[in-house]
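> here is a sequence with its predicted model. Questions after.
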Amino acid sequence: MVPYCKIDHVDKVFTRGSASTCVLKEITLDIEKGEYVSIIGHSGCGKSTLLNIVAGLTPATAGGIILEGHEVNEPGPDRAVVFQNHSLLPWLTVYDNVRLAVDKVFGRTKSRAERSEWVMHNLNLVQMAHAKDKRPSEISGGMKQRVGIARALAMEPKILLLDEPFGALDALTRTHLQDTVMGLHEKLGNTVMMITHDVDEAVLLSDRIIMMTNGPAAQIGEILTVPITRPRKRLELVSDPSFLKCRQRVLEFLYERHRYVEAA
Ligand SMILES: Nc1ncnc2c1ncn2[C@@H]1O[C@H](COP(=O)(O)OP(=O)(O)OP(=O)(O)O)[C@@H](O)[C@H]1O
């Protein structure tokens, strides 16, 4: 069977002058429709580079990305990205930030009223409809990320690409947003590829955790399937043997087998 999204033998070499660095080597991964995969690995191993290649923002040096049977090598609305630091336009309201994306994707296929309703529907999904007239400077970091997620969802992407979406948030806000994203995934069944540094977050949210070796020439070192049924309840998981076992496995990979050595 053809996978929904295939990362096919991807290499990435960055070249500056006569120096070149191989960041990713032979990355191959199949992602199923509706699957939530997390990419975890030490700082600098190439996680964002991989996500950017899937997003079409960075070209692969070799290999490629096949999404629903088509090769993708430039950015498109079928792959929506949410970055660690929100990328909302500061001069637009919350509503207009989402509306801009909706008009771009559905300008020809939905009426003005339908587009307006669709914007509000997606703001409602992330509990941000109440702030629709506020500008980004008037809302908190967590709220900005919620709007970024609404904007991404509103594009109805084939795959949602999350680059450390909770990384800049305080612990409590992070917890709330993780629960929101987990609830949305359960409700909408989106296909998600998320980068994280947080082992508990990876286990809580993912169907599979892709563990990367240290660079240069980072590879997929191990893939862990998280055998925990959904819906998942954060408080119950804390003492769930499967959760603890997965957590331990990822920690062992990162801190024993692929210990990070800071460059001198
Ligand atoms: N445009 C670029 N030109 C040259 N080197 C780059 C470029 N982008 C990334 N790199 C290098 O590629 C390597 C991987 O970077 P990347 O940001 O993908 O890692 P990461 O695993 O996402 O790191 P972190 O977890 O710290 O965000 C790093 O050594 C980085 O310096």
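Thanks, I have the structure now.
> quick check: residues of the stretch 1-150 of the chain near the ligand?
Applying Cβ under 6 Å from any ligand atom, one finds that the stretch 1-150 of the chain approaches the ligand through 14, 23, 41, 43-49. Every C-beta, even on glycine, is put in place using the N, C-alpha and C of the backbone.
> highest neighbour count among the residues you listed?
Each of those was scored by neighbours using other Cβ atoms under 10 Å; the highest score is residue 46's, at 28 neighbours.
> closest to residue 121 among the residues of the stretch 1-150 of the chain next to the ligand?
residue 48 (30.3 Å; Cβ to Cβ).
> nearest residue to the closest one other than its sequence neighbours?
residue 163 (5.8 Å; Cβ to Cβ, 6 or more residues apart in numbering).
> try residue 187
Distances taken as Cβ to Cβ, 6+ apart place residue 125 nearest to residue 187, at 8.0 Å, with adjacent residues excluded.
> so who does that neighbour touch?
150, 153, 184, 187 (Cβ atoms under 8 Å, 6 or more residues apart in numbering).
> buried ones among the residues you listed?
150, 153, 184 (16 or more other Cβ atoms under 10 Å).
> what segments of this protein are strands?
In chain order, the chain shows strands spanning 5-16, 19-31, 36-40, 62-67, 70-72, 79-82, 159-163, 192-196, 208-212, 220-225, with DSSP state E as the criterion.
> could you export those strands as a markdown table, including mean pLDDT?
Conversion of the strands of the chain to a markdown table gives the following (pLDDT from 0 to 100):
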| stretch | mean pLDDT |
| --- | --- |
| strand 5-16 | 96 |
| strand 19-31 | 96 |
| strand 36-40 | 98 |
| strand 62-67 | 97 |
| strand 70-72 | 94 |
| strand 79-82 | 96 |
| strand 159-163 | 97 |
| strand 192-196 | 97 |
| strand 208-212 | 97 |
| strand 220-225 | 97 |
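> any chance of those in a markdown table, plus distance to residue 233?
Listed next are the strands of the chain as a markdown table, based on distance: least, Cβ to Cβ, whole Å:
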| stretch | distance to residue 233 |
| --- | --- |
| strand 5-16 | 28 |
| strand 19-31 | 25 |
| strand 36-40 | 16 |
| strand 62-67 | 32 |
| strand 70-72 | 36 |
| strand 79-82 | 24 |
| strand 159-163 | 21 |
| strand 192-196 | 19 |
| strand 208-212 | 19 |
| strand 220-225 | 20 |
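> so for residue 91, which of the ones you listed sits nearest?
strand 79-82 (20.3 Å).
> correct me, but residue 129 touches residue 117?
No - Residue 129 is not in contact with residue 117 according to Cβ atoms under 8 Å; the separation is 11.5 Å.
> looking at these two, which has the bigger crowd around it?
Between residue 129 and residue 117, residue 129 has the larger neighbour count (other Cβ under 10 Å), namely 16 against 13.
> contacts only, for that one.
When the contact criterion is Cβ under 8 Å, 6+ apart, the partners of residue 129 are 120, 123.
> just residue 210 next, same as before
Listed by Cβ under 8 Å, 6+ apart, the contact set of residue 210 reads 29, 37-40, 220, 223.
> looking at those, state which has the most neighbours.
Counting by other Cβ under 10 Å, top hit in these: residue 38 with 27 neighbours.
> what is the burial count for residue 166?
Residue crowding around residue 166 was assessed by other Cβ under 10 Å; the count is 25.
> go on, residue 214?
Neighbour count of residue 214, defined by other Cβ under 10 Å: 19.
> and it, backbone torsions?
Per-residue torsions, residue 214: phi -70, psi 150 (degrees, to the nearest 10).
> any idea what the residue nearest in space to the middle of the chain is bridged to?
Averaging the C-alpha coordinates of the chain gives a centre point, and the residue nearest to it by Cα atoms, centre = their mean is residue 162 (1.9 Å). Partner residues in beta bridges with residue 162: residue 82, residue 194, with DSSP bridges as the criterion.
> so what's it up against?
Residues near residue 162 by Cβ under 8 Å, 6+ apart: 81-82, 181, 192-195.
> residue 222 versus that one, what's the distance?
Counting by Cβ to Cβ, to the nearest Å, the gap from residue 162 to residue 222 is 21 Å.
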